[in-house]
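just to be clear, the model below is a prediction. Sequence and coordinates:
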Amino acid sequence: MEQSSISIEPMLPSENVDESVAFYRSLGFEIVRDETFPYRFAEVRDGDLWLMTSNYAQFGGKKAFGALIVNVTELGEFHDRFAVNLRNNLGTVPLSGFPRLTRRSRDGSQFRVFDPFGNMLVYMDKDYEPPLNLEAQDPTEETLNQVWFLRDIYANDRAAAKTLDRVLEEKKDESGIGQARLLAARGEIAVATGELELASKLEDMVSRIHLPESDLRRFEEELRASEHLRNWAGIGSGE
């Protein structure tokens with residue numbers, strides 16, 4: 001017996017289909033259908049991924065949000081393409097609130113897209129395997145592991161910022177590479193949450209910590225994370 005073919009098209013709720021269509025178009029999705037009859041809905045497409053969006057009031061739907069996991073190869077290409085499209089169409093990559101595109105996770109395995117009404121598309125590397133639960137080597141690593149989990153898995157920059165603020169307050173008289181990494185992480189999150197003056201202040205604090213060349217080379221990407229994020233998102237320095 002010949003096996004039947006199955007395709008799945010997720011249905012995502014929207015309070016305003018026009019806004020949803022505009023956002024997915026900005027991401028680079030093709031607008032396949034944009035209809036008002038028999039009810040207001042639209043279908044959008046990016047390659048093999050098809051989505052339908054509507055308020056679903058006709059089905060008795062209440063205020064809610066949808067979520068789906070999109071397993072892909074070449075994850076970075078999707079992330080880069082979405083960022084370029086958003087910069088070209090919106091002038092910047094929205095990093096907070098709805099809609100937004102998150103940064104790639106620290107291990108590079110995933111990112112999230114939130115549409116104007118909170119629907120979440122989790123893009124994951126098709127070959128992703130959860131990392132081993134290794135113990136942190138020092139208190140700085142322990143804090144950063146918590147921060148990256150809140151930032152990457154929960155997509156909750158506010159909670160990550162609170163964690164860092166609490167630890168930085170406890171360690172306000174310390175210096176060295178551990179303190180520099182914590183300040184740099186907080187600066188990166190400040191950029192994401194639109195606190196650009198705070199980000200500039202934290203960058204200055206990091207620059208004033210005297211570090212050996214070996215630490216500067218080893219942690220260069222972390223220490224310049226806020227600068228990289230501003231450049232990637234296409235936003236100003238806040239100065």
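Done, it's in.

give the closest residue to the residue nearest the centre of the chain in space, chain neighbours not counted.
A centroid search over the chain (CA atoms, centre = their mean) returns residue 102, at 1.1 Å, as the residue closest to the centre. Nearest residue to residue 102 in three dimensions, chain neighbours excluded: residue 112, at 4.5 Å (CB to CB, 6 or more residues apart in numbering). Glycine gets a C-beta too; all of them are placed from N, C-alpha and C.

gap between the closest residue to residue 65 other than its chain neighbours and residue 220?
Nearest residue to residue 65 in three dimensions, chain neighbours excluded: residue 118, at 4.1 Å (CB to CB, 6+ apart). Noted for residue 118: a distance of 36 Å to residue 220, by CB to CB, to the nearest Å.

quickly list the domain ranges of this protein.
11-125, 139-233 (automatic domain parsing).

how about the ones you listed in CSV, adding mean pLDDT?
Formatted as CSV, these follow (pLDDT from 0 to 100):
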stretch, mean pLDDT
domain 11-125, 92
domain 139-233, 94
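
hey, where'd the helices end up in the chain?
Ranges of helices within the chain are 17-27, 75-90, 139-152, 157-170, 177-192, 196-207, 213-218, 220-223, 225-233, based on DSSP state H.

the ones you listed: which one's closest to residue 52?
Closest approach to residue 52 among those is made by helix 17-27 (10.1 Å; CB to CB).

now that closest one: how far from the chain's centre is it?
Centre-to-centre, helix 17-27 and its host chain are 18 Å apart (CA atoms, centre = their mean, to the nearest Å).

how far away is residue 54 from residue 152?
Distance of residue 54 to residue 152, computed by CB to CB: 30 Å.

cool, residue 10 as well?
Counting by CB to CB - residue 10 and residue 152 are separated by 23 Å.

how far does stretch 151-166 sit from its chain's centre?
The answer for stretch 151-166 is 12 Å, by CA atoms, centre = their mean.

C-alpha coordinates for it, CSV please?
Provided in CSV are the C-alpha atoms of stretch 151-166 (Å, rounded to 0.1, in the frame of the first residue of the first chain):
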residue,chain,number,x,y,z
ARG,A,151,18.8,34.8,27.5
ASP,A,152,18.9,31.9,25.0
ILE,A,153,16.4,29.3,26.2
TYR,A,154,13.8,31.5,27.9
ALA,A,155,14.5,34.5,25.6
ASN,A,156,14.2,36.6,28.7
ASP,A,157,16.8,39.4,28.7
ARG,A,158,15.1,41.1,31.6
ALA,A,159,15.6,38.1,33.9
ALA,A,160,19.2,37.7,32.7
ALA,A,161,19.9,41.4,33.4
LYS,A,162,18.5,41.1,37.0
THR,A,163,20.8,38.1,37.6
LEU,A,164,23.8,40.1,36.4
ASP,A,165,22.8,43.2,38.3
ARG,A,166,22.6,41.3,41.6
